[in-house]
Each structure stands twice: as C-alpha cells, then as structure tokens.
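Asker: Provided below for reference: sequence and predicted model.
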Amino acid sequence: MRLTPRTRKASAALVAALGLGLGGCDFDPTGLFAEKYKPEVVENTPADKLYSEGLAKLEDSDYEAAVKKFDNLDKQYAYSDWSRKALLMTAYSNYQGQKYDDAINASKRYLQRHPASKDAAYAQYLMAMSQYKQIPDVTRDQDRSEKALVALQELVQRYPTSEYAADAKAKIQITRDQLAGKEMEVGRFYLEKRNFPAAINRFRDVVAKYQTTRHAEEALMRLTEAYMALGITGEAQNSAAVLGHNFPDSPWYKDAHALLATGGLEPREEKSSFLSKVYRSVMGKTASAE
C-alpha cells in the first residue's frame, strides 16, 4: 500500500503514542517480549561427599535414596573411579531394596564397563543372586531359574577362585533341582493322562540334564512305569536296573523292582543304552573331580 500524506500522519501518531522514537534511541525490540537469559552455574557436589551420603542412606535402609545418590555420583564424575564405585553400589542398593531387575541392569553395566576390575566377580554375584531371588515355585514358568543357572555358572567359570564361587556352586545345585522338579511335574501330568510318550520324554530329560538331583531316582522309576504301560519291557527292565545300580537303597528302586515282578520280569541293564551311558559319564566326572 502506498503511503499518502494522511496515512503518514496516522503512522507517526501511532509511533508517538507507543513512545517509540525512530531515530537516536536505545530501543531493544527483544525487551518487549522476553527477559534476558541468565545462565545459572551449578557446582558439582564433591565426589566423596556424594558417596558418603549414599552410604548413609544405605545404613538407614533408604535404598531408593541411596540409588539416587550413587546415580548422581556416576553422572557427575563419569569415567572416574568414583563412577565405577557408584555403579557397583547402585547395583547393591537395588539388590538390598529388592529391585532385582534394576540390580541386574546395573550389574551388567558394571561388567561391560569394568570387566577386569577387582570387583567384577562381586558384580557377577549380584547379578546371579538377583536372578536367583526371583525363582518362582515349581508350578510356574521357570525362565528365572534358567537365567539364574546361567549367571551362577558364568560366575564359577569366570571367577573360580573368588570368594563367591563356593556359594554359587551350592546354588547351582539348588537351581538344577528346581528345574528338574518342573520337568517331573509335567512328566507326572502326562503319566496321569496316559500320554506315555510325552511322559517318557520329560523323565529322560531329567536323567539327561539333572541326573545328580534328588529327582533322578523318581525319574528312573517313572520311566520303568511308563515303559511297562507301553509294553516296552526291555526299556522298563533297563531303567530299573540303572536305578538299582546307582541308587540301590532307594525306595524308588524297590517300587520299580516290584512293578517288574508283576510281569514276571527282573531288572536287566543294557550297557549300551542311553541311561547307562549317562550314569557312566557321571561316575567318570565324579572320579576325575576327586
């Protein structure tokens, strides 16, 4: 639009009303709409102070607050030894607070960053125990048991001389017993439903994978029972014989022997059988360990 004398006069009047001079002024147009930015400088809390505060929260059993302190220490002093200590204490604080998945994640990060540190074995132990503490009862899915077993075995393999190895070995046996118990539960279910092939597969898995657990004796007896039900008497005799050879005083062997007797049969081991090979392997490993 072209300014006429009348519009020029109106524009000048508007400028004057707003108090905005057009020449020789110190007008700052940004001042109309925004305040000037003033950066705020926040100094880091000393590392030793943050660490001590985290320990104090742990002493008070305030695990969530302890985690926050150690997290802040890790962030403020990244890539320092304070960061390494903070990450380990984050894992420990989460473990103590029963935040097991958080403890697992922190332990994994520690092992990724500091695989050769003097506390790596402890980080692996925290991770394994966080899995172990979440093992459910035998009626439920055993995914946690599988993960706990893997983590415990890794601890023994990677850090065999650490102070945590003995406890890990004991818990490996408990975890294996749990996994065997789950297989036995499913096998018994199939046995009751007269689905003998499915039951046999489960009981064979127990013998193959968990032959040193307390469930192995029953698994061999149940194999005898299932094979007898199918009329596969040779396998039934072999299962009972392997049971008697390895667990001669077991009440399960007495049951297996009695069951065979109902058909006029006796235990008879086939040395080339799968079951015989499994237990010869176990005996060989035991002798080597001694």
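Answerer: Okay, I see it. Numbers count the residues shown, from 1 in each chain.
Asker: next, the contact list for the residue most central in space within the chain, please.
Answerer: Taking Cα atoms, centre = their mean, the centroid of the chain lies closest to residue 131, which sits 3.6 Å from it. Contacts for residue 131 were tallied using Cβ atoms under 8 Å, 6 or more residues apart in numbering; they are 100, 104, 144, 147, 148, 151. In short, each C-beta sits where N, CA and C put it, glycine included.
Asker: helix, strand, or coil at the spatially closest residue to the first one that is not a sequence neighbour?
Answerer: With Cβ to Cβ, 6 or more residues apart in numbering as the criterion, residue 100 has its nearest non-adjacent residue at 4.1 Å, and that residue is residue 130. Classification of residue 130 into helix, strand or coil gives helix, according to DSSP: H, G, I helix; E, B strand; the rest coil.
Asker: below-threshold pLDDT in this protein: ranges please.
Answerer: For the chain, applying pLDDT under 70 flags the ranges 1-43, 283-290.
Asker: who are the packing partners of the top helix by length along it?
Answerer: Scanning the chain for the helix with the most residues, using DSSP state H, yields helix 165-192. Under the contact definition 3 or more Cβ pairs under 8 Å, 6 or more residues apart in numbering; DSSP states H and E, helix 165-192 sits against helix 120-132, helix 143-158, helix 196-209, helix 216-230.
Asker: now render these as a markdown table, adding distance to residue 79.
Answerer: As requested, the helices and strands packed on helix 165-192 are exported to a markdown table (distance: least, Cβ to Cβ, whole Å):
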| stretch | distance to residue 79 |
| --- | --- |
| helix 120-132 | 17 |
| helix 143-158 | 24 |
| helix 196-209 | 43 |
| helix 216-230 | 50 |
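Asker: before we move on, back to that, closest one of the contacts of residue 131 to residue 121?
Answerer: residue 151 (12.3 Å; Cβ to Cβ).
Asker: distance check, the closest one against residue 72.
Answerer: Separation of residue 151 from residue 72 (Cβ to Cβ, to the nearest Å): 28 Å.
Asker: report the inter-axis angle for the longest helix of the chain versus helix 196-209.
Answerer: 170 degrees (axes from the mean of the first three to the mean of the last three Cα atoms, to 10 degrees).
Asker: tell me which residues in helix 165-192 are buried?
Answerer: 165, 168, 171-172, 175-184, 186-187, 190-191 (16 or more other Cβ atoms under 10 Å).
Asker: so how far is it off the chain centroid?
Answerer: 17 Å (Cα atoms, centre = their mean, to the nearest Å).
Asker: that helix to helix 216-230, inter-axis angle?
Answerer: Interaxial angle, helix 165-192 versus helix 216-230 (the same axes, to 10 degrees): 20 degrees.
Asker: helix 165-192 vs helix 120-132, what angle?
Answerer: Here helix 165-192 runs at 30 degrees with respect to helix 120-132, directions being taken by the same axes, to 10 degrees.
Asker: adjust the sequence numbering to begin at 444 for everything that follows.
Answerer: Sounds good: first residue 444 from here, last item helix 608-635.
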